[in-house]
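K.L.:
Structural data only, the sequence is not supplied:
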């Protein structure tokens with residue numbers, strides 16, 4: 001192996017967005033100013049909304065974390081769900097914690113709140129904070145659908161698509177190298193008869209269509225996704241573009257809607273890069289990526305980094321590329337961590353630093369990121385930034401080979417031969 005790997009494939013990731021801003025009265029008011037002073041200041045400085053017993057809360061997002069906790073422990077399911085959202089997505093004041101988010105959603109669901117039941121379904125669907133269980137996810141989504149939650153239809157559709165492996169190699173395409181040329185697309189493996197596939201896909205499309213008609217942003221995004229990739233429907237870039245655009249025009253500030261808004265902006269950016277249903281327009285692509293990046297999307301920051309690294313639509317600028325990769329790396333986004341290591345290995349925009357290359361590749365490899373595992377195998381095999389160690393190189397190559405990464409098996413054979421020669 002004589003080439004240090006750069007670009008790769010990977011899945012969709014979560015993104016984070018911060019909305020909550022709290023305002024407090026000046027200390028003079030708390031200590032007891034005159035009435036006139038209080039009234040004058042109150043007009044200028046809005047106060048934090050607090051939970052008052054017996055008073056209906058109009059905006060749960062305006063409550064502090066502690067205020068939400070008070071209501072949540074008193075059995076307010078909406079407060080429980082808002083706490084779950086904060087913990088699931090994280091913000092400036094709340095550290096992301098999937099386990100605690102799951103517990104609040106469970107509490108809301110147990111009290112009969114179907115939004116909580118739906119939220120639980122997604123955790124079991126994706127295996128976030130709990131072992132993946134598609135049967136459990138399906139059960140929860142059906143319950144939530146019966147309770148009138150439109151977004152649960154999206155969840156159930158995703159269960160169907162996940163169970164049938166219909167999205168294999170499709171999510172991964174979103175993390176490929178930016179290019180106006182399409183690579184070869186692998187076919188998903190058939191695990192059921194054609195008739196069963198047809199019925200499953202038909203049901204998934206119906207569910208997504210119903211959710212989209214109900215103005216559910218998740219439903220609109222995934223409907224765009226299946227039209228873009230021709231999953232259960234005829235491939236139609238025009239319809240995909242339309243559904244993605246509907247989502248990006250949304251002004252929703254809800255935490256749970258930000259993923260769909262960001263993913264749709266990214267999808268449109270990729271369509272403009274590749275000319276899928278639209279004329280190639282790298283400037284517009286960059287605008288969509290920037291919108292998602294500013295909204296907290298690590299993947300969008302990564303794509304902007306790729307544009308600067310490769311000179312796609314912009315002048316090649318490795319320092320700008322590093323700047324955006326670091327933004328994504330702050331959210332532990334494995335492809336960006338891999339690219340930072342790649343830049344350090346080659347000395348692009350920075351001094352060659354094999355030790356830093358090893359460091360960032362390890363961060364990505366710890367997430368099961370196959371290309372970083374291959375890169376680490378290469379570094380250990382050749383002693384770049386680390387002491388040469390064929391056994392360690394072999395272990396990394398084998399990890400990548402086990403995940404099906406192309407070329408890793410050949411590396412395994414090569415290193416085993418070297419080990420045998422040196423015995």
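P.N.:
Good, I have the coordinates. Given the structure is predicted, the values throughout are model-derived calculations rather than measurements.

K.L.:
can we go C-alpha only for contacts and neighbour counts from here?
P.N.:
Fine.

K.L.:
Could you measure from residue 106 over to residue 62?
P.N.:
23 Å (Cα to Cα, to the nearest Å).

K.L.:
Which residue of those two possesses the greater neighbour count?
P.N.:
residue 106 (20 against 17; other Cα atoms under 10 Å).

K.L.:
wait, what's in contact with that one?
P.N.:
Residue 106 makes contact with 116-117, 120, according to Cα atoms under 8 Å, 6 or more residues apart in numbering.

K.L.:
Can you flag which of those residues belong to helices?
P.N.:
Judged by DSSP state H, the contacts of residue 106 include 116-117, 120 as members of helices.

K.L.:
Would you reformat the contacts of residue 106 as a markdown table and include pLDDT and neighbour count?
P.N.:
Listed next are the contacts of residue 106 as a markdown table, based on pLDDT from 0 to 100; neighbours: other Cα atoms under 10 Å:
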| residue | pLDDT | neighbour count |
| --- | --- | --- |
| 116 | 97 | 26 |
| 117 | 98 | 29 |
| 120 | 97 | 27 |
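
K.L.:
between those, which is closest to residue 278?
P.N.:
residue 120 (37.9 Å; Cα to Cα).

K.L.:
Quick check: that closest one vs residue 348, distance?
P.N.:
Applying Cα to Cα, the value for residue 120 to residue 348 is 44 Å.

K.L.:
Likewise for residue 276?
P.N.:
Taking Cα to Cα as the measure, residue 276 falls 31 Å from residue 348.

K.L.:
ok, now residue 67?
P.N.:
Using Cα to Cα, residue 67 is found at 49 Å from residue 348.

K.L.:
could you say what helices and strands the one helix or strand residue 264 maps to packs with?
P.N.:
Taking DSSP states H and E as the criterion, residue 264 maps to helix 258-274. With contacts defined as 3 or more Cα pairs under 8 Å, 6 or more residues apart in numbering; DSSP states H and E, the packing partners of helix 258-274 are helix 217-229, helix 237-248, helix 282-294.

K.L.:
With mean pLDDT added, can I get these in JSON lines?
P.N.:
Converted to JSON lines, these look like this (pLDDT from 0 to 100):
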{"stretch": "helix 217-229", "mean pLDDT": "97"}
{"stretch": "helix 237-248", "mean pLDDT": "98"}
{"stretch": "helix 282-294", "mean pLDDT": "98"}
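
K.L.:
which of those helices is buried the deepest?
P.N.:
helix 217-229 (a mean of 26; mean count of other Cα atoms under 10 Å).

K.L.:
next one: it to chain centre, how far?
P.N.:
Going by Cα atoms, centre = their mean, to the nearest Å, the spacing between the C-alpha centre of helix 217-229 and its chain's C-alpha centre is 15 Å.

K.L.:
Need the contact partners of it.
P.N.:
Contacts of helix 217-229 (Cα under 8 Å, 6+ apart): 151, 153-154, 170, 205, 208-212, 232-237, 239-244, 246-247, 257, 260-261, 263-264.

K.L.:
which residues in the stretch 51-200 of the chain form helices?
P.N.:
Assignment of helices within the stretch 51-200 of the chain using DSSP state H, counting those that start in this stretch yields the ranges 65-73, 77-89, 98-110, 114-126, 134-146, 151-163, 194-213.

K.L.:
Who are the packing partners of the second one?
P.N.:
Secondary structure elements in contact with helix 77-89, counted by 3+ Cα pairs under 8 Å, 6+ apart, are helix 65-73, helix 98-110, helix 114-126.

K.L.:
and the angle from that helix to helix 258-274?
P.N.:
With axes from the mean of the first three to the mean of the last three Cα atoms, to 10 degrees as the basis, helix 77-89 and helix 258-274 are set at 40 degrees to each other.

K.L.:
among the helices and strands of this structure, which has the poorest mean pLDDT?
P.N.:
Least confident helix or strand of the chain, by mean pLDDT, DSSP states H and E, is helix 27-31 with a mean of 32.

K.L.:
Would you format the helices of the stretch 51-200 of the chain as JSON lines with distance to residue 288 included?
P.N.:
Listed next are the helices of the stretch 51-200 of the chain as JSON lines, based on distance: least, Cα to Cα, whole Å:
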{"stretch": "helix 65-73", "distance to residue 288": "32"}
{"stretch": "helix 77-89", "distance to residue 288": "22"}
{"stretch": "helix 98-110", "distance to residue 288": "29"}
{"stretch": "helix 114-126", "distance to residue 288": "26"}
{"stretch": "helix 134-146", "distance to residue 288": "32"}
{"stretch": "helix 151-163", "distance to residue 288": "24"}
{"stretch": "helix 194-213", "distance to residue 288": "22"}
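
K.L.:
what separates stretch 393-408 from the chain centre, distance-wise?
P.N.:
25 Å.

K.L.:
Neighbours of the closest residue to residue 161 other than its chain neighbours, how many?
P.N.:
Spatial nearest neighbour of residue 161, chain neighbours left out: residue 167 (6.4 Å); criterion: Cα to Cα, 6 or more residues apart in numbering. Residue 167 is flanked by 18 other residues according to other Cα under 10 Å.

K.L.:
Could you measure from residue 167 over to residue 319?
P.N.:
Using Cα to Cα, residue 167 is found at 35 Å from residue 319.

K.L.:
Residue 155 now?
P.N.:
40 Å.

K.L.:
And the two? Which one has more around it.
P.N.:
residue 155 (28 against 16).

K.L.:
any idea of the pLDDT on that one?
P.N.:
On the pLDDT scale, residue 155 is placed at 98.

K.L.:
Touching, it and residue 122? I think so.
P.N.:
Yes: Residue 155 is within contact range of residue 122, at 6.6 Å (criterion: Cα atoms under 8 Å).

K.L.:
so where is the stretch 151-300 of the chain shaky, pLDDT-wise?
P.N.:
Where the stretch 151-300 of the chain drops to pLDDT under 70, the residues are 168-197.

K.L.:
how close does residue 216 sit to residue 345?
P.N.:
Look at residue 216 and residue 345: by Cα to Cα, they are 44 Å apart.
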